[in-house]
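A.B. asks: when you get a sec, could you give me coordinates for this:
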Amino acid sequence: MVDAVVVRATGGPDVLEFGQIDPPRPGAGEVLVDVEAAGLNYIDTYHRNGMYARELPFVPGNEGAGVVAELGEGVTGLAVGDRVAWAHAPGSYARQAVVPAGSAFPVPDGVDTETAAAAMLQGLTAHYLVTSTFPVKPGDTVLVHAAAGGVGLLLTQLAKSRGGKVIGTVSTEEKAALATGAGADEVIRYTEVDFAEEVARITGGTGVAVVYDGVGRDTFDRSLTCLSPRGYLVLFGASSGAVAPVDPQRLNAGGSLFLTRPTLAHHIATPEEFRRRCEELFAAIAGGRLSVRVGARYPLAEVRRAHEDLEGRRTTGKVLLIPG
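C.D. replies: Residues are numbered from 1 along each chain as shown. Below is the predicted model of the structure:
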């Protein structure tokens, strides 16, 4: 038997049951991994509460890193003992997990296993947002909500590396310091001022080229008002709740605005794209051009507290669950 977290009914953090399950076995094209760290992401809370339906019961978690313990039939290019990290492989909240070989990326030398686990979903998300969804170019002013969060810190660094000017929103002085440390040019404490009015002041009324919004309901409408004509609102998450239906005329009135709701799965849809994004991401980490901040580590047995802290906005950077 192996330690794991199981969800048998959807609901709040109390439905997360820590216990033991039968050891998983890899099938054809899969590898069995001894999990050293599993990433906690907001999408895990959506699976847990039923916003995104999954067949019950299930072991949550989509990301992690560890050591290959066993190869399934037909797997090539990996060996027992290799360190790998993965994204979009369900069942990562466990001491052992089965991962499709095509989703397991070899962790390069110079990147420790916890950093690799912390980098996958949020790092790949930040990568596609600034390189594909709205490719930031020199001179662009961008607004990053929750700039001290896991994705926000990475977005800020990557946007700056491409020549952008970054305005970040945060809730506390501690988070403001983290956003500034990541390179944000301006930081807005949204708990104290109207962030849209501050954006207008900072930009001289011209607005920003793009808003990267992972918050959703609480920020969506004011985010639209922050955009310059033909600006992009990139809604990539909903940590505050789902956004209400939008009248397309709102986009016209705002200046022929663009609205998109991207997701990572569509940006790593082929093995080639997955590998390319991973290679670029880990090269930036290994080269010291991108810093991944692990803000909290929780034993796997304390998974309920980890979910409570994440949803209560008491975390910064990346949250990891440690099975050992």
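A.B. asks: residue 236 against residue 128, yeah?
C.D. replies: No. Using Cβ atoms under 8 Å as the test, residue 236 is too far from residue 128 to be in contact (9.2 Å). Yep, even glycine has a C-beta here, placed from its N, CA and C like the rest.
A.B. asks: which neighbours do those two share?
C.D. replies: Shared contacts of residue 236 and residue 128 (Cβ atoms under 8 Å, 6 or more residues apart in numbering): residue 262.
A.B. asks: all strands for the stretch 1-150 of the chain, in order.
C.D. replies: Using DSSP state E, counting those that start in this stretch, the strands found in the stretch 1-150 of the chain span residues 2-7, 16-21, 30-40, 63-71, 83-87, 96-100, 104-106, 141-144.
A.B. asks: for residue 296, which of these is the nearest?
C.D. replies: Among these, strand 30-40 comes nearest to residue 296, with 8.6 Å by Cβ to Cβ.
A.B. asks: and the angle from that closest one to strand 2-7?
C.D. replies: 60 degrees (axes from the mean of the first three to the mean of the last three Cα atoms, to 10 degrees).
A.B. asks: gap between the residue nearest the centre of the chain and residue 311?
C.D. replies: The residue lying closest to the centre of the chain (Cα atoms, centre = their mean) is residue 122, at 2.7 Å. According to Cβ to Cβ, to the nearest Å, residue 122 and residue 311 sit 16 Å apart.
A.B. asks: want to try JSON lines for the strands of the stretch 1-150 of the chain, with mean neighbour count as columns?
C.D. replies: Supplementary listing: these in JSON lines, determined by neighbours: other Cβ atoms under 10 Å:
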{"stretch": "strand 2-7", "mean neighbour count": "21"}
{"stretch": "strand 16-21", "mean neighbour count": "15"}
{"stretch": "strand 30-40", "mean neighbour count": "25"}
{"stretch": "strand 63-71", "mean neighbour count": "23"}
{"stretch": "strand 83-87", "mean neighbour count": "26"}
{"stretch": "strand 96-100", "mean neighbour count": "23"}
{"stretch": "strand 104-106", "mean neighbour count": "22"}
{"stretch": "strand 141-144", "mean neighbour count": "28"}
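A.B. asks: about what we covered before: which ones are touching the residue nearest to the centre of the chain?
C.D. replies: By Cβ under 8 Å, 6+ apart, the residues touching residue 122 are 39, 41, 150, 151, 154, 318.
A.B. asks: same question for residue 31.
C.D. replies: Applying Cβ under 8 Å, 6+ apart to residue 31 gives the contacts 68, 69, 70, 71, 72, 75, 78, 84, 98, 99, 101, 104.
A.B. asks: contacting residues around stretch 22-29?
C.D. replies: Among residues not part of stretch 22-29, those counted as contacts by Cβ under 8 Å, 6+ apart are 1-2, 32, 70-75, 91, 94, 96-98, 100-102.
A.B. asks: first-to-last residue distance for it?
C.D. replies: Distance between the boundary residues of stretch 22-29 (Cα to Cα, to the nearest Å) amounts to 20 Å.
A.B. asks: ok, now stretch 207-222?
C.D. replies: With Cα to Cα as the measure, stretch 207-222 spans 12 Å from end to end.
A.B. asks: that stretch: how far from the chain's middle?
C.D. replies: Its chain's C-alpha centre and that of stretch 207-222 lie 16 Å apart, by Cα atoms, centre = their mean, to the nearest Å.
A.B. asks: give the buried residues for that stretch.
C.D. replies: Going by neighbour count (16 or more other Cβ atoms under 10 Å), the buried part of stretch 207-222 is 207-216, 218-220, 222.
A.B. asks: quick check: mean pLDDT of that stretch?
C.D. replies: For stretch 207-222, the mean per-residue pLDDT is 95.
A.B. asks: circling back: residue 236 and residue 128: which is more packed in?
C.D. replies: For residue 236 versus residue 128, the count of surrounding residues by other Cβ atoms under 10 Å is larger for residue 236: 22 against 18.
A.B. asks: what packs against the host helix or strand of residue 222?
C.D. replies: Element membership for residue 222, per DSSP states H and E: helix 220-225. When contacts are defined as 3 or more Cβ pairs under 8 Å, 6 or more residues apart in numbering; DSSP states H and E, helix 220-225 packs onto helix 195-202, strand 208-213, strand 227-235.
A.B. asks: turn the ones you listed into TSV, including distance to residue 174.
C.D. replies: Formatted as TSV, these follow (distance: least, Cβ to Cβ, whole Å):
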stretch	distance to residue 174
helix 195-202	18
strand 208-213	21
strand 227-235	26
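A.B. asks: highest average neighbour count across those?
C.D. replies: Greatest average neighbour count among those goes to strand 208-213 (a mean of 27), per mean count of other Cβ atoms under 10 Å.
A.B. asks: mind listing what it pairs with, with the direction of each?
C.D. replies: Taking DSSP bridges as the criterion, strand 208-213 sits next to strand 141-144 (parallel), strand 227-235 (parallel) in its sheet.
A.B. asks: and the following helix or strand past the last one, what's its mean pLDDT?
C.D. replies: Following the chain from strand 227-235 toward its C-terminal end, the next helix or strand by DSSP H and E is helix 249-253. Averaged over helix 249-253, pLDDT sits at 96.
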